[in-house]
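>>> 3D, please:
(2 chains)
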Amino acid sequence: MSETLYYIFCVILSIAVLTGISLMSKVKTAVAGNLLSAFSILLGIVITLYYKEIFSVWTIFTFMLIGVLVGSALARGVKMIQMPQLVALLNGVGGLASTLIGVLSLLGIGIIVSRYRVFVNVTSVLAITVGLVTLFGSIVAAAKLHKLLPQKPVKWKNHSVILNTLLIIMIGVISTSVFLSDNSTILYIVLVLSIIVSSVFGYAFAIRVGGADMPITISLLNSLSGVAGAIAGMAVNDLLLVSVGGIVGASGLFLTQIMCKSMNRSLMDILLGKTSSVGSPKVVKNAVFVESVFEDLNETPENYATVEEQGELSYNETHENRDKSEILKIAKSVIIVPGYGMALAQAQHLVKQLADKMEVNGAEVKFAIHPVAGRMPGHMNVLLAEADVPYEKLFEMDDVNDTFSETDVVIVIGANDVINPAARDAKDTPIYGMPVLNVDKAREIFICNYDLQPGYAGVDNPLYNRTEGVYMLLGDAKESLNELLDRLN
Amino acid sequence: MNPIILVVIFIVTSLVGYFIIKNVPSLLHTPLMSGMNALSGITILGAIAAVGLAFTAENNSHMILGQIIGGIAIMAATVNVVGGFGVTHRMLKMFDKKKKKI
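Reported below is the predicted structural model:
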C-alpha cells in the first residue's frame, strides 16, 4: 500500500468516525452511529496491518483474541447499575495502552526511527505520564463507584503540597526528555521517574474527589484517555491515533464543562480539592449514610425520621396523612424527579410501575432529569431506559423547569441538592447559583428520600420544613414507592 | 510526518469534534461517553504496528520485550474497544426498543 493511499484512508476513516459521532445525536440513528465508529476502527486495524506489512505476525492476533474475549465478557456481563464504574475502568485500560506505546517508542522498540528524535522523546514521555494519570485516576474512581474505596473525599495532610510537588517533578521530567540520547542511563531514569510520579499523581488526585463529583471526574478521565491516545499517536507518527484521540479529548472536555456548569463548580476547584464542603461534618455524616443504606433497612422509616429530626421538623402527622392517596389518584399532571437515591435503591422498575399506574388513572407523567443527577453524565436516562421508560418522557432541566408551576404532583425519588430551592436565594451556601429543578413551584410534592440529611453539598433543604403541600416518605426508595403504589390501588 | 502537521491535525480534529458533540442531547450523554471511551482504544493501531515491527525487525534484540509490552498494549486497547462499543450498543438498544413498542 502506497503512502498516499494510506493517508487517504486515514482521512476517510477520520470522517467516518466524525459521522458516527454526529449520528449519536439522535436516538433513532445512534445505534448506526456506534456501529459505524466500531467498523471504522476495525477497518483501521486492517489498513494498518496491510500498510506496515505485518499481516503474518501471529502474536498480534493472539493478543487481540484475548482482548476481544475479555472485552465482550465485560460488555455482556455488566449490569446497568454498574455502568459508571465500567466506563471508568475502560478509560483506565485505554490510558494503559497509551502508556505502553509511549514506553515502546521511548525505548525505540518497534518503531521506525524518526528524524524528529526530540519530538518523539517528549511525546513519548508525555504519553506515559498522561496515560498513567488516566489509569490510576480511573482505577480509584472505579473503586469508589464500586464501593471498594470510601465515597467521601480522602484528604491527606498537605495534599495540595504533595500534588503540586508531583506536578513540578513531572514537568521537570518531561523537560529533561528534550535532551535524551538513545540508550543513555538518563533515558531509563526518566522512564522510571515518569512512571512512578504519574502513577502516584493519578492516585492522589482521584482519591480526593468525593462521590457526587464523580460525573465531572469520569468525564475528565474520558478526555484524558483521548489526549493520551493522541499524544501516543504523535510519538509513533500515526495519523489516525492523533485525529481520533483529539476528537475523544474534545468530547470529554465538553462533557466536563457541562457537568461543571450544572454543579456550579469550576474545574480547577475540583482538581484542587476545593469541593464545597470537604471536611465539614455534614459530608462525613452523609458519606456514612450512603454506605449504611442497606444495613439500616430494618429500621422503620418513621422511627428513623423521629430520631433524625428531633422535633425540628414542623410538618405534622395529621397533615401527612391527609388523603395522600386522593391527591395521587386525581392528579392530572405529574413530574417524577429521580436522583442518585433511585440508582442506589435500584428502584427504577418501581418508578416505571408508578408512572404506568398514574397514567392509567389519566395523568400525564413526565420525568425531569437534572444534568448531574447520579454518578455520570446521563446516568438517570440509562437507568430509566433500562426500566422501559420511553425516552420521549425524559425531559432536560431547561425544557421542564417552566412547567412545574402548572403541575399537580411532583414525586422526588432520592434527589436532594438538585431540587434545593436554597440554590436560588441562599447566597452564602456552596450551591448558590447552581441551576436546580423548580420542584417547589408545584402544587403537591412527594419526596421519597432516605432521610432528612442535607444532600452532598451539605445545605439544608427548605422544602423539608414546608408545611403546605410537601409529603415526606423517608426510608429506602423501594419501600416508599411500594407505599405509593399501594395507595393508588 | 512533520511534527507540526501532527499537532495541527490534533487541534483541528479537537475543534471539529467539539462542535459535533455539542449537538448530542444530555439524554444520550452516557452512550456518548462510553462510545468515545471505545474510540480512545484507537491506540490499538499504534500497539499493533509496534508489535508487528518489533516482530519483523532485522535487529531482533528487542523482540521479547516488544512482544510483552506491545502485547499488553494490544490486549488493553482491544478490551477498551470491544468493551466500550459493546456496552454502548447495549445501552442504545435499550433506548431504541421503546421506539418500536409505541
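>>> Helix or strand, whichever it is, which one in the chain has the lowest mean pLDDT?
I'll assume chain A. Here the helix or strand of chain A ranked lowest by mean pLDDT, DSSP states H and E is helix A:281-292, holding a mean of 34.
>>> thought residue A:381 was touching residue A:393?
No - taking contacts as Cβ atoms under 8 Å, residue A:381 lies outside contact range of residue A:393: 10.8 Å. Backbone N, C-alpha and C define where each C-beta goes, glycine included.
>>> Between the two, which is the more surrounded one?
Between residue A:381 and residue A:393, counting by other Cβ atoms under 10 Å in any protein chain shown, residue A:381 is the more crowded of the two (28 against 15).
>>> Which stretches in the stretch 1-150 of chain A count as helices?
A:3-23, A:27-51, A:58-77, A:83-107, A:117-145 (DSSP state H, counting those that start in this stretch).
>>> Could I get the pLDDT score of the residue of the stretch 251-400 of chain A found nearest chain B?
Here the stretch 251-400 of chain A gets closest to chain B at one residue, residue A:378, 3.3 Å apart by Cβ to the nearest Cβ. Model confidence at residue A:378, given as pLDDT, is 82.
>>> residues near it, how many?
Using other Cβ under 10 Å: residue A:378 sits among 28 other residues.
>>> list the contacts for it?
Applying Cβ atoms under 8 Å, 6 or more residues apart in numbering or on different chains to residue A:378 gives the contacts B:26-33.
>>> Which two of these have the greatest separation?
Among the contacts of residue A:378, the pair separated by the greatest distance (Cβ to Cβ) is B:27 and B:33, at 12.6 Å.
>>> out of those two, which sits in the more crowded spot?
When residue B:27 and residue B:33 are compared for neighbours, residue B:33 comes out ahead with 29 against 25, by other Cβ under 10 Å.
>>> any idea how far chain A is from the more buried one?
6 Å (Cβ to the nearest Cβ, to the nearest Å).
>>> by contact count, what packs against the lengthiest helix in chain B?
In chain B, assigned by DSSP state H, the helix with the most residues is helix B:63-101. With contacts defined as 3 or more Cβ pairs under 8 Å, 6 or more residues apart in numbering or on different chains; DSSP states H and E, helix B:63-101 has these neighbours: helix A:27-51, helix A:58-77, helix A:83-107, helix A:379-386, helix B:29-39, helix B:43-56.
>>> now the strands for the stretch 301-450 of chain A?
A:333-338, A:364-369, A:394-396, A:409-413, A:444-448 (DSSP state E, counting those that start in this stretch).
>>> The shortest one and chain B in contact?
Yes - remark: strand A:394-396 sits within contact range of chain B at A:394, A:396, by Cβ under 8 Å from any Cβ of the partner chain.
>>> That strand: which residues count as buried?
Across strand A:394-396, burial judged by 16 or more other Cβ atoms under 10 Å in any protein chain shown covers A:394-395.
>>> partner strands of it, parallel or antiparallel?
Within its sheet, and counting by DSSP bridges, strand A:394-396 is paired with strand A:364-369 (parallel).
>>> now the helices and strands packed on helix B:63-101 as JSON lines including distance to residue A:117?
Shown next, in JSON lines, are these (distance: least, Cβ to Cβ, whole Å):
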{"stretch": "helix A:27-51", "distance to residue A:117": "23"}
{"stretch": "helix A:58-77", "distance to residue A:117": "27"}
{"stretch": "helix A:83-107", "distance to residue A:117": "11"}
{"stretch": "helix A:379-386", "distance to residue A:117": "46"}
{"stretch": "helix B:29-39", "distance to residue A:117": "30"}
{"stretch": "helix B:43-56", "distance to residue A:117": "17"}
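>>> Which among the ones you listed is found nearest to residue B:3?
Of the helices and strands packed on helix B:63-101, nearest to residue B:3 by Cβ to Cβ is helix A:83-107, at 13.3 Å.
>>> and that closest one, is it in reach of chain B?
Yes - using Cβ under 8 Å from any Cβ, helix A:83-107 reaches chain B at A:83, A:86-87, A:90-91, A:93-94, A:96-98, A:100-101, A:103-105, A:107.
>>> Just the buried ones among those residues, please.
A:83, A:86-87, A:90-91, A:93-94, A:96-98, A:100-101, A:103-105, A:107.
>>> Relative to residue A:237, how far out is residue B:3?
From residue B:3 across to residue A:237, the span is 9 Å (Cβ to Cβ, to the nearest Å).
>>> neighbour count winner among those two?
The residue with more neighbours, out of residue B:3 and residue A:237, is residue A:237; 22 against 17, by other Cβ under 10 Å.
>>> Go ahead and confirm that one touches residue A:114.
Yes - using Cβ under 8 Å, residue A:237 is in contact with residue A:114, at 6.3 Å.
>>> shared neighbours of those two, anything?
residue A:120.
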